[in-house]
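J.: here's my sequence, what's the structure:
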Amino acid sequence: MGEIVLSEVRKSFGGVSIIQGIDLVIPEGEFVVFVGPSGCGKSTLLRLIAGLEDTSSGTISIDGKDATRLPPAKRGLAMVFQSYALYPHMSVRKNIAFPLRMAGLPAEEQQRKVEAAAKVLNLTPYLDRKPSQLSGGQRQRVAIGRAIVREPAAFLFDEPLSNLDAALRVSMRQEISELHHTLKTTMVYVTHDQVEAMTMADRIVVLNAGRIEQVGSPLELYRSPANLFVAGFIGSPKMNLVEGAEAARHGAHTLGVRPEHIDIAEDGPWKGMVGLCEHLGSDTFLKVEVEGVGQINVRVGGDVPLRHGSQVSLAPQADKLHRFDAAGKAMA
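T.: Next up is the predicted model:
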């Protein structure tokens, strides 16, 4: 079991409201990612679920039981932090077994659980090494192993990949996703990286200033952002947002179009000059100054023969345009 339900959860520090009335249901077995800019409250919300912070008001239920005032150890959750927090003098085996020893489990059962977790995480060859003999990705897997042996109702991850280099981040994203498919346990994951959110989540919770802006699958948020904040946050490169006469022509206050939904055409409605041109192999990113519209980011194929100063004609795909009203809400 691992359903987590938040009802009108609020958190204030002094007179400052950090979490502002969150309602959210995380079904058993789901991989949910909290994403948003720095200071949006995503880590605070995770710590409230874990019991590391007290709620100011509202309730948190885990498996149908009110856990709002329960201490962390009584919630049946396991948390993995950005810092590995491993004991440097202990072997990998002893690090993973630590919570089991603290719980007083028999040595034979400890060994069985540690070896099972190590097998899942491909750590078996490293069980007798010290943390200093491991790579950053291996250390993070040890921290995850220490959580797995507790057999929690849910795993809580607080930006666990932030200390890793780019290549290791990609590898660990895949490993954590595979772990979720293997264990089928509820996972709640915090990140500021929307690429991590898009590639890992069953559902994404987009947070801004302590409020939920939108909840949905990665494709739902990509295809149908509820407002300008989500439109500008989800997607890489970011959605182009155009105001003025061009937006009004489409009956909107703001017109949105993603860089990959703009074609280079012989006689498109947007004409301009290429500024920055980034050739990345499979893709080329262009910044085009369009008369009467402004700077537009365009994502095209890697073999497009354009460079700084090239004149281009652009055609946004009509069925991929997003319209927003003056309040920033998506229009039908």
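J.: in stretch 224-244, what's buried?
T.: Using 16 or more other C-beta atoms under 10 Å as the test for burial, stretch 224-244 gives 225-231, 233-235, 239-242. (Each C-beta comes from the backbone N, C-alpha and C, glycine too.)
J.: next: stretch 296-309.
T.: Buried, per 16+ other C-beta under 10 Å, within stretch 296-309: 296-300, 304, 306.
J.: same question, stretch 172-185
T.: Buried residues in stretch 172-185 (16+ other C-beta under 10 Å): 172-173, 175-176, 179-180, 185.
J.: ditto for stretch 243-262
T.: 246-247, 252-262.
J.: kindly report the same for stretch 47-57.
T.: Applying 16+ other C-beta under 10 Å to stretch 47-57 flags 47-51, 53, 55 as buried.
J.: find the centremost residue of the protein, please.
T.: residue 197 (2.9 Å; C-alpha atoms, centre = their mean).
J.: name the element that one belongs to?
T.: helix 194-200 (DSSP states H and E).
J.: and that helix, average pLDDT?
T.: In this model, helix 194-200 has an average pLDDT of 93.
J.: got it, and stretch 211-226?
T.: pLDDT averaged over stretch 211-226 gives 97.
J.: now swap in stretch 20-34 and tell me
T.: pLDDT averaged over stretch 20-34 gives 97.
J.: could you do stretch 288-301 as well?
T.: 95.
J.: am I right that residue 49 is in a helix?
T.: Yes: counting by DSSP: H, G, I helix; E, B strand; the rest coil, residue 49 falls inside a helix.
J.: contacts only, for it.
T.: By C-beta atoms under 8 Å, 6 or more residues apart in numbering, the contact list for residue 49 reads 4, 6, 60, 77, 156, 188.
J.: do you know how far the fourth one is from residue 162?
T.: When distance is defined by C-beta to C-beta, to the nearest Å, residue 77 is 21 Å away from residue 162.
J.: same deal with the fifth one?
T.: Applying C-beta to C-beta, one obtains 15 Å for the distance of residue 156 from residue 162.
J.: what's the answer for the last one, then?
T.: When distances are taken as C-beta to C-beta, residue 188 and residue 162 turn out to be 16 Å apart.
J.: of these two, which one has the most company?
T.: Taking neighbours as other C-beta atoms under 10 Å, residue 188 and residue 162 compare with residue 188 leading, 25 against 14.
J.: contacts only, for residue 266.
T.: residue 313.
J.: my error: substitute residue 323 in the last question.
T.: If you count contacts by C-beta under 8 Å, 6+ apart, then residue 323 has 247, 250-252, 254-256, 330-331 around it.
J.: try 7 Å this time
T.: 250-252, 255, 331 (C-beta atoms under 7 Å, 6 or more residues apart in numbering).
J.: cool, residue 136 as well?
T.: Counting by C-beta under 7 Å, 6+ apart, residue 136 has contacts 163-164, 168.
J.: all the strands of the stretch 201-332 of the chain, residue numbers only.
T.: 203-208, 211-216, 240-243, 254-257, 262-264, 270-279, 283-290, 294-301, 311-316, 322-324 (DSSP state E, counting those that start in this stretch).
J.: where exactly do the helices run in the stretch 101-250 of the chain?
T.: Applying DSSP state H, counting those that start in this stretch to the stretch 101-250 of the chain gives helices spanning 107-120, 136-148, 166-183, 194-200, 218-223, 228-233, 245-249.
J.: how about those helices in CSV, adding distance to residue 211?
T.: Formatted as CSV, the helices of the stretch 101-250 of the chain follow (distance: least, C-beta to C-beta, whole Å):
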stretch, distance to residue 211
helix 107-120, 37
helix 136-148, 29
helix 166-183, 27
helix 194-200, 17
helix 218-223, 16
helix 228-233, 10
helix 245-249, 26
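J.: so which of these is nearest residue 324?
T.: Shortest distance between residue 324 and the helices of the stretch 101-250 of the chain, using C-beta to C-beta, is found for helix 228-233: 5.4 Å.
J.: and stretch 123-136, how far out from the chain middle?
T.: 28 Å (C-alpha atoms, centre = their mean, to the nearest Å).
J.: same check, this time on stretch 159-178
T.: For stretch 159-178 - counting by C-alpha atoms, centre = their mean - the centre lies 12 Å from the chain centre.
J.: same deal with stretch 71-79?
T.: 22 Å.
J.: looking at the helices of the stretch 101-250 of the chain, which is nearest to residue 86?
T.: helix 136-148 (5.9 Å).
J.: average model confidence for that closest one?
T.: 91.
J.: ends of stretch 288-304, what's the gap?
T.: The straight-line separation of the ends of stretch 288-304 (C-alpha to C-alpha, to the nearest Å) is 14 Å.
J.: which other residues reach it?
T.: Outside of stretch 288-304, the residues that reach it under the criterion C-beta under 7 Å, 6+ apart are 237, 240, 242, 245-246, 259-260, 262, 264, 270-275, 279-287, 312, 314.
J.: in stretch 134-147, what counts as buried?
T.: 134, 137-147.
J.: determine which two of the residues you listed are furthest apart.
T.: Going by C-beta to C-beta, the pair spanning these furthest: 134 and 147, at 16.8 Å.
J.: low-scoring stretches of the stretch 1-150 of the chain, by residue?
T.: Where the stretch 1-150 of the chain drops to pLDDT under 70, the residues are 1.
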